[in-house]
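# Fold the following for me, if possible:
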Amino acid sequence: MEFKVPTMAQLMAMGEEPEILFWVGCAGSYDERAQKITRDICKILHHVGIKYAVLGTEESCTGDPAKRAGNEFLFQMQAMTNIEVLNGYNIKKIVTGCPHCFNTIKNEYPGLGGSYEVIHHTQLIQDLINEGKLKAEGGESFKGKKITFHDPCYLGRGNGVYEAPRKALEVLDAQLVEMKRCKSNGLCCGAGGAQMFKEPEKGTKDINIERIEEALATEPQVIAAGCPFCMTMLSDGVKLKDKDQEVKVLDIAEITARANGL
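Numbers count the residues shown, from 1 in each chain. Sure thing, here's the model as predicted:
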């Protein structure tokens, strides 16, 4: 399926406005694994006919890693730059592929002059399923497959979004199995709070190993994720356990796109 993803600058030049801005994020732009998720989110938006755009080169990091690592000054500089761009384009609604971008734009930007309606891509998928625009048919069948969902911290405990990703999985007719620690009691993948970019401190076990053992205990065929950082940590864990042949780690957007044959 080939189609062009428009930038805000292009739409603006034609005097048009999108229904929704897709905030791609750093991982979604540069991380090879996360780029696949970005493509699938675009495929879904294209498939249902939502008019959307991306910022392209005008998008820069939301500042989440800087803030979590304690560099408030850098965070504010990054945030202000983005807010100027977003407000310049009169953006009202944003969908993100990453819970960190989602949390930062939704909760940190209003205090700096950037107020938008922000949703995570799993919420978009849930809305589209509820509206009957996404059916989970015409593609790969997940019927009867065992799937366990890992709650991203900034989606679940940070913002109370537990139903949307599960709703996207429920329509697949798959067997949804929960890990011991899930929902409000979930466990971090080990990459949150800028930990993604540094080596772990001395301890007895890496967090992602602890988490992947919990996931594998459910004997899943698919581990579902909703965050590019979790995707990296969970995939590494699965590889370390030599299970990457039998257990797939897939984002909710990828599962949705596959189920709809996109």
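
# Helices along the stretch 1-150 of the chain, start to end?
Assigned by DSSP state H, counting those that start in this stretch, the stretch 1-150 of the chain shows helices spanning 8-13, 25-30, 32-48, 64-68, 72-88, 99-103, 121-130.

# Restricting the selection to alpha carbons, write the fifth one to CSV.
What follows is helix 72-88 as a C-alpha-only set of coordinates in CSV (Å, rounded to 0.1, in the frame of the first residue of the first chain):
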residue,chain,number,x,y,z
GLU,A,72,14.5,21.2,33.5
PHE,A,73,16.1,24.1,31.6
LEU,A,74,16.7,21.9,28.4
PHE,A,75,13.2,20.5,28.8
GLN,A,76,11.6,24.0,28.8
MET,A,77,13.7,25.1,25.8
GLN,A,78,12.6,22.0,23.8
ALA,A,79,9.0,22.3,24.9
MET,A,80,8.7,26.0,24.0
THR,A,81,10.1,25.4,20.5
ASN,A,82,7.5,22.7,19.9
ILE,A,83,4.7,24.8,21.4
GLU,A,84,5.5,27.7,19.1
VAL,A,85,5.3,25.4,16.0
LEU,A,86,2.1,23.7,17.2
ASN,A,87,0.4,27.0,18.0
GLY,A,88,1.6,28.5,14.8
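
# For it, list every residue counted as buried.
Neighbour counts over helix 72-88 (16 or more other CB atoms under 10 Å) mark 75-76, 78-79, 82-83, 85-86 as buried. Every residue, glycine included, has its C-beta placed from N, CA and C.

# For Glu17, state which of the residues you listed is nearest.
Minimum distance to Glu17 across the buried residues of helix 72-88 is 12.8 Å, recorded for Leu86 (CB to CB).

# roughly how far apart are the closest one and Ala27?
To Ala27, Leu86 is 19 Å away according to CB to CB, to the nearest Å.

# Now do the strands in the stretch 101-250 of the chain.
Using DSSP state E, counting those that start in this stretch, the strands of the stretch 101-250 of the chain run over 117-120, 146-149, 175-176, 222-225, 248-251.

# okay, the ones you listed, which one's buried deepest?
strand 222-225 (a mean of 25; mean count of other CB atoms under 10 Å).
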